[in-house]
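Student: starting from these lines, generate the structure:
(chains A and B, ligands or ions: 2)
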Amino acid sequence: MSALDPRAQDGAKPGKKKILVPKVENGHETMVEIEVDDVEGPQWGPRDSMRLVNHELVRVDAVDKVTGRARYTHDVRLPGMLYAKFLGCPIAHAEVTVDLGAAKKVPGVVEARVVREGEVKFVGQPVAVVAAKTREAVEDGLRAIVLGVKPLPFAVTREQSLAANAPEVNRRGNASKPNEDGDPEAVAKAFEGCAAVIEATYEMPTQHHACLETHGAVVDVPTNDAATVYHSTQATYASANEFKGPLKVKEVEVVNEHMGGGFGSKFEAGVEGRVASELARDLKAPIHLMLSRRDEFLCAGNRSGCVQSVKLGGDAQGKLVAMQSSIDRLGGLGGGSHAGLPYIYEVATSARTMRSVYTHLDANRAMRAPGHPQASFGMESAVDELAYALGVDLVEIRKRNVGDVHRRQLDRVAREIGWNEHPHKTKPDLSDATTKVGIGFGLSVWGGGGHPECRVTVEISPDGGVRASVGSQDLGTGVRTYVTAIVAEELGLPMSGVTARIGRTSYGPANASGGSTTSASLAPAVKHAAFNARKAFAEALAKTLKSDASEIVFDVQGVYDARSKRRLAWKDACATLGPAGISAIGEWQANLASNGIHGVQAAKVRVDTRTGELKVLKMVCMQDCGLVLNRTGARSQIFGGMVQALSYALFEQRVVDPDLGIAMNANFEDYKLAASLEIPEMVAILDDEDTRGVIGIAEATVVPGHSAIANAVHNACGVRLRSLPLTSDKLLLGLAGLKKG
Amino acid sequence: MGDPKRSGVDLSRRGFLKSAGGLAAGGALGESALSAANSGLLGDGVERLSGEVEIELTLNGAKRKVKVEPRTTLLSALRERIEPPLSGTKEVCDMGSCGACTVHVDQKPAYACLLLAVDCVGKSITTIEGLAKGDELHPVQKAFCEHDALMCGFCTPGFVMALSACLDAKPEATLDELKEACAGNVCRCGTYPHIFEAAVAAQRAKQGAKR
Ligand code: FES
Ligand code: FES
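Tutor: Ligands and ions are numbered 1, 2, ... in the order given. Modelled structure (predicted):
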């Protein structure tokens, strides 16, 4: 639905209009109606007239990042600061007592505290904290804590949770009441007319965000009812409120200059923020409490797994006719997320049931496109299976059941991956060859629209300096860079003429970075602020030059007054301003943003049928996202999404021992991420036929890559892997099964 | 790079000293490790490892005095003990499996989380802060900026140090060799295609400079 949906405009007050915008909370998007001014505002203008925006930009903070100067929360050092770390519960479900006597006596340890006693409901849940002068003393202190752990019956797998005598995980039942959609009887009837019907169950494990900078905060000692908190957060502006309570202060300044990833897991202050605040307040010492890598794996969120059973039928041409699905979301103690089936495909008649199955594991959190990679895997696998059953080309079946944009992108991506000359378009390669190459596809959608939350200030000072300030944050997406580019473009300045200031609460309201909403929320407000600053500057100059504001032009050569035909260098023009200079505010402008993006990805893989080795050879992504703010940065985002999906396809899964209830791979040695040797040739194509306003790109790019890879494996050798990760043992078992027939 | 022979680390000793899991209650630590430090038994049977010694490290060309414990890693010495701290080197896994803490020790890449600070006395250590010559960036740093080979930037110092060590030792390194040189580094943001572009550009710049 467009951000300017006419259906929403009824009943607005004069001079106002009502529009629908996406609202994202914790990464989950819903559409809400808001009222905005119906006035002429700034425009992006034609793309070919742009000088900086929509170009290949070098990040303005790149030098800080390659020289080690960029300061992350982990790097903050304050005088008298104490380091603190948690001790986590070693098993999934237990009655815990904490004895701190010995820990408190360890030299260097300043404080040891209980974080939680009594029933502990997941492995890794923090039960105690130690604060000490050195990291070594923290470790000694943690080792000296004596935990009394009385194991309680636990359920860490879906099967354990649903078993007859399962221990209670959730008071309202270990499975939630299923949410039902569609008419199963109509679907049953529709299957009767299908040319082919497939039935299968697809499973996905829990994936971790694995941010390289762990969660945490450095909390300074509160003074005079105010405090400064350095926080690795996706919500610099909003998270200030969360610290006020535990710090017992009225004002909190959150500082977040740079952060090492978030991916949806860093919206809240969390137990680490609360405990760090309490320690700083009570001990009157700054506290550095960043999660250890193990804690990060066990108590900082994850992407929920799922089990999805699908029955899908189509007609002889590949039109999808009927679908019945049932989905279990596996979000540990959380509800899990799943975007629902038939996801983005049009199926004439469909019905589904969906529920959450709870286990004694850390609750899931939003993770880049929550619920979408899961839905993608279920749907793309099923569509693929049906295509082979019907003998329809894998690209054709998709084109028959999606909209125009996806169709156009499918053609382009198919060409780029080599589909047109690929010999196995309707059947997998079942020859005796020992190495085989296959191709697979997957599609994505996402909202990525904006909403009015940001307030941007653009200041022009008499010495010629320009700065733009807003309390937003950069998760790695390049926010400072596009803020700089938009302001510089509007004022006719080079990138170096503008300083973008973000990452502080006091820089002004900004939305939390979730659901790819940052660009579409922030960029319009930046443009508006720059536009207002330019207008105010033109008016001030018009007075000085006895001209008219409409005659003043700002371009790369400086300032030009068309009336007097006088040209002023930027600095000289600024020098005419009073000591206060210009200060202008900008807010969100609906006409500068849009909503709803599409992508298509393809993967080419090589399978060695002797060893089961799977190598991804090439991946292609075509993605639209409205006006691209920074083309290089957008490609980085696309690559990033593809790499994370490839990593999920090949390696990633949380492993918890079902008999012992202990975590088996809460570290980077055993939880493998794709790295340089696994990265295939990658092609990112920006869909320039999209002429809309700004839309966020991040989420959509992570949605379909693993599905495309799994589909490519089947295309290569005839083995359908219905659970991730796509490991060699599963592949070899599948190949052996094929041989037996 | 995690190769103990190349980085000169005694892995078993370090693993023993740092006793990874914080889960064991009252874990006992043996005595043989305590030769250079004070040791003593506290009440409750908790044995402690502590006692600081002052050592001198050669960091980015300058001699720097720092107080460390025998078990203090080079990474911890850089980030937490030296004044002012050198926090450009990142801690991500603290167990040699991510490459974020890569520094140069006598021109060779090494994981600072796998080195004991006391073992680095007398060696020449370069960190990310010392890689540029004044304002002149190393070709790898420059190429990383130009090719957008970074997003959040938390892995960046490690990648830059791994690739610069490779290219400084072998300016004609091939793309495959460059991929191998950073095979132990992890980037969660997934910047790899741009990292490879940057590595090749830096290689060309180095070759050009040689001619
Ligand atoms: S922090 Fe040293 S290798 Fe990960
Ligand atoms: S740039 Fe974020 S981890 Fe590499």
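Student: wait, isn't A:Lys618 in contact with A:Gly705?
Tutor: No - counting by Cβ atoms under 8 Å, A:Lys618 sits too far from A:Gly705 to count as a contact (11.9 Å). C-beta coordinates here come from the backbone N, C-alpha and C atoms, glycine included.
Student: what about A:Thr727, distance to B:Val118?
Tutor: 42 Å (Cβ to Cβ, to the nearest Å).
Student: higher neighbour count, those two?
Tutor: Taking neighbours as other Cβ atoms under 10 Å in any protein chain shown, A:Thr727 and B:Val118 compare with B:Val118 leading, 19 against 16.
Student: surely the more buried one is in a strand?
Tutor: No - in this structure, B:Val118 is helix, not part of a strand, as judged by DSSP: H, G, I helix; E, B strand; the rest coil.
Student: let me see the contact set for it.
Tutor: For B:Val118, the contact set (Cβ atoms under 8 Å, 6 or more residues apart in numbering or on different chains) comprises B:36, B:53, B:55, B:68, B:70, B:72.
Student: and stretch A:710-724, C-alpha only, in CSV?
Tutor: Output of stretch A:710-724 as CSV, limited to C-alpha atoms (Å, rounded to 0.1, in the frame of the first residue of the first chain):
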residue,chain,number,x,y,z
ALA,A,710,18.4,-24.6,-1.1
ASN,A,711,16.5,-24.6,-4.4
ALA,A,712,19.7,-24.5,-6.3
VAL,A,713,20.9,-27.6,-4.4
HIS,A,714,17.9,-29.5,-5.6
ASN,A,715,18.3,-28.3,-9.1
ALA,A,716,21.9,-29.4,-9.1
CYS,A,717,21.4,-33.0,-7.9
GLY,A,718,17.8,-33.8,-7.1
VAL,A,719,18.1,-33.7,-3.3
ARG,A,720,15.5,-31.6,-1.6
LEU,A,721,16.8,-30.4,1.7
ARG,A,722,13.9,-29.3,3.8
SER,A,723,15.8,-28.1,6.8
LEU,A,724,18.6,-25.6,7.3
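Student: what is the rounded mean pLDDT of it?
Tutor: Averaged over stretch A:710-724, pLDDT sits at 98.
Student: can you check stretch A:55-63 too?
Tutor: 98.
Student: now do stretch A:372-386
Tutor: Average pLDDT, stretch A:372-386: 98.
Student: buried set for it?
Tutor: A:372-386 (16 or more other Cβ atoms under 10 Å in any protein chain shown).
Student: between those residues, which is nearest ligand 2?
Tutor: Closest approach between the buried residues of stretch A:372-386 and ligand 2, by Cβ to the nearest ligand atom: A:Pro373, at 19.3 Å.
Student: can you give me the distance of the closest residue to that closest one other than its chain neighbours to A:Arg415?
Tutor: Excluding the flanking residues, the one nearest A:Pro373 by Cβ to Cβ, 6 or more residues apart in numbering or on different chains is A:Val703, at 5.5 Å. Separation of A:Val703 from A:Arg415 (Cβ to Cβ) stands at 21 Å.
Student: which of those two has more residues huddled nearby?
Tutor: A:Val703 (30 against 13).
Student: got a pLDDT number for that one?
Tutor: Per-residue confidence at A:Val703 stands at 98 (pLDDT).
Student: touching, it and A:Ala369? I think so.
Tutor: Yes - counting by Cβ under 8 Å, A:Val703 touches A:Ala369, with 5.2 Å between them.
Student: need the residues touching each of the two.
Tutor: Going by Cβ under 8 Å, 6+ apart, residues that sit against A:Val703 and also against A:Ala369 are A:444, A:446.
Student: quick check: the residue nearest to A:Pro373 vs B:His194, distance?
Tutor: 21 Å.
Student: list phi and psi for A:Gly313.
Tutor: Backbone torsions of A:Gly313, given as degrees, to the nearest 10, read phi -130, psi 150.
Student: that one contacts A:Ala322, correct?
Tutor: Yes - using Cβ under 8 Å, A:Gly313 is in contact with A:Ala322, at 4.5 Å.
Student: what's near enough to touch the closest residue to ligand 1 within the stretch 301-450 of chain A?
Tutor: Nearest to ligand 1, among the residues of the stretch 301-450 of chain A, is A:Asn302, at 20.6 Å (Cβ to the nearest ligand atom). By Cβ under 8 Å, 6+ apart, the residues touching A:Asn302 are A:206-209, A:265, A:332, A:362, A:364-365, A:367, A:654.
Student: among those, find me the one that's closest to B:Ala132.
Tutor: Ranked by distance to B:Ala132 (Cβ to Cβ), those are led by A:His209 at 32.0 Å.
Student: which ones are touching the nearest residue to A:Ser550 once chain neighbours are set aside?
Tutor: By the measure of Cβ to Cβ, 6+ apart, the closest residue to A:Ser550 outside its immediate chain neighbours is A:Ala538, 7.8 Å from it. The neighbourhood of A:Ala538, defined by Cβ under 8 Å, 6+ apart, consists of A:549-550, A:552, A:554.
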